[in-house]
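Undergrad: Based on what follows, work out the 3D shape:
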Amino acid sequence: MAEVSLKGIKKSYGRVDVIKGVDIHINEGEFVVFVGPSGCGKSTLLRVIAGLEDVTEGTLEIGGRVVNELQPRERGVAMVFQSYAIFPHMTVRENIAFGLTIAGASKQEKQQKVAEAARILQMEHLLDRRPSQLSGGQRQRVAIGRAITRKPAVFLFDEPLSNLDAALRMDMRMEIGRLRRQLGTTMIYVTHDQVEAMTLADRIVVLKDGQVMQIGAPMELYHEPANRFVAGFLGAPSMNFLNVDVLDLDGEAATVGNQSLEPITVATKRRPFRKGGKAILGIRPQYLRAMQAGKGMLHGAVAHAERLGSETVVDLTLRDDRELIAAFNEDKIFQPGDVLELAFDPALAHLFPEEERSAIVAP
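TA: Next up, the predicted model:
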């Protein structure tokens, strides 16, 4: 196991800045997930740590030593790729042992380490098969097995589940979680899938345009997003954002409302607002409740409803023609045109400045 520290890391390709000064400290044995939309720089950052990309500026430390100038094989890391990167003409046993073969390991060492990796991944019965005889999840386990045999100080995962179908992704998430508990090794995992991030991570690093938007535990980011980007990125369905008027300010509370929303008081959480100005109110769909007539804070007409078994997601049109998504934790029937009155606990809402700078929050 090893700590990983990124200090002022920048990566540029010519005049294009892809990583714009990132500071992250990853503790020994920690599972950290880099998450963000396509093009945010998360895979580039992982490749910088692996040594597959040079650092343009800044210092990268693994296990307390600066590794900026070290080759990938000298860094004590092992990387698992999205594309599996296993050889079709080799058996599972040969694929898992490939790195050891290249390193000149003895036959006995290879047998021992392959057997150990196969036991950990519960794939002893697959060792003599070829990749064409394996499922996508089994092929990914072969790639992970090859990484395990190297006994790295840090595991790096680059969107390893994105080629799998939904059911296999869930199985492999559980597999990786189990692997982490068994090995206790420092792991850095890149994904665009927030479900993977929320279920696997000790801490999540949210990236946008090559910058860190926020770092924290999954539920910390979910309940206390530092900015509108993080609030909208984490959570499914995405958080609703309503344009509101700031009617009054009192200490760290603001009274807000609009044409569709009756005045409510919410915490400002020390964000800057001006009485008479504009703001953005964030409400998670799961926090909206259907109310009896005359008791709602919001009124909307049903445009579309999706019954998902344990949950019903409803797309509504408000009085000012804006869209609102509600997610009810039950199987309910709604018809297009039905008018709903909705309420929510103001303590669960978030208020953001109308023009929010991309503040970097990395505690």
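
Undergrad: For the stretch 101-250 of the chain, just list every one of the helices.
TA: In the stretch 101-250 of the chain, the helices defined using DSSP state H, counting those that start in this stretch lie at 107-120, 136-149, 166-183, 194-200, 218-223, 228-233.

Undergrad: Need those in JSON lines (columns: mean neighbour count, mean pLDDT and distance to residue 289).
TA: For glycine as for every other residue, the C-beta is placed from the backbone atoms N, C-alpha and C. Formatted as JSON lines, these follow (neighbours: other Cβ atoms under 10 Å; pLDDT from 0 to 100; distance: least, Cβ to Cβ, whole Å):
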{"stretch": "helix 107-120", "mean neighbour count": "16", "mean pLDDT": "90", "distance to residue 289": "46"}
{"stretch": "helix 136-149", "mean neighbour count": "22", "mean pLDDT": "88", "distance to residue 289": "39"}
{"stretch": "helix 166-183", "mean neighbour count": "15", "mean pLDDT": "86", "distance to residue 289": "29"}
{"stretch": "helix 194-200", "mean neighbour count": "20", "mean pLDDT": "92", "distance to residue 289": "23"}
{"stretch": "helix 218-223", "mean neighbour count": "17", "mean pLDDT": "96", "distance to residue 289": "18"}
{"stretch": "helix 228-233", "mean neighbour count": "21", "mean pLDDT": "95", "distance to residue 289": "20"}
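
Undergrad: Serialize those to CSV and add fields for distance to residue 290.
TA: Output for the helices of the stretch 101-250 of the chain, formatted as CSV (distance: least, Cβ to Cβ, whole Å):
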stretch, distance to residue 290
helix 107-120, 48
helix 136-149, 40
helix 166-183, 29
helix 194-200, 26
helix 218-223, 23
helix 228-233, 23
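
Undergrad: Looking at those helices, which is nearest to residue 70?
TA: Closest to residue 70 of the helices of the stretch 101-250 of the chain is helix 136-149 (Cβ to Cβ; 18.3 Å).

Undergrad: The closest one vs helix 107-120, what angle?
TA: 130 degrees (axes from the mean of the first three to the mean of the last three Cα atoms, to 10 degrees).

Undergrad: Can I get helix 136-149 in CSV? Just the C-alpha atoms.
TA: C-alpha atoms of helix 136-149 as CSV (Å, rounded to 0.1, in the frame of the first residue of the first chain):
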residue,chain,number,x,y,z
GLY,A,136,-17.3,-9.9,-20.5
GLY,A,137,-17.2,-10.0,-16.7
GLN,A,138,-14.9,-13.0,-16.7
ARG,A,139,-12.5,-11.2,-19.1
GLN,A,140,-12.4,-8.2,-16.8
ARG,A,141,-11.5,-10.5,-13.9
VAL,A,142,-8.6,-11.9,-16.0
ALA,A,143,-7.3,-8.3,-16.4
ILE,A,144,-7.7,-7.7,-12.7
GLY,A,145,-5.9,-11.0,-12.0
ARG,A,146,-2.9,-10.0,-14.0
ALA,A,147,-2.7,-6.8,-12.0
ILE,A,148,-3.0,-8.7,-8.7
THR,A,149,0.0,-10.9,-9.6
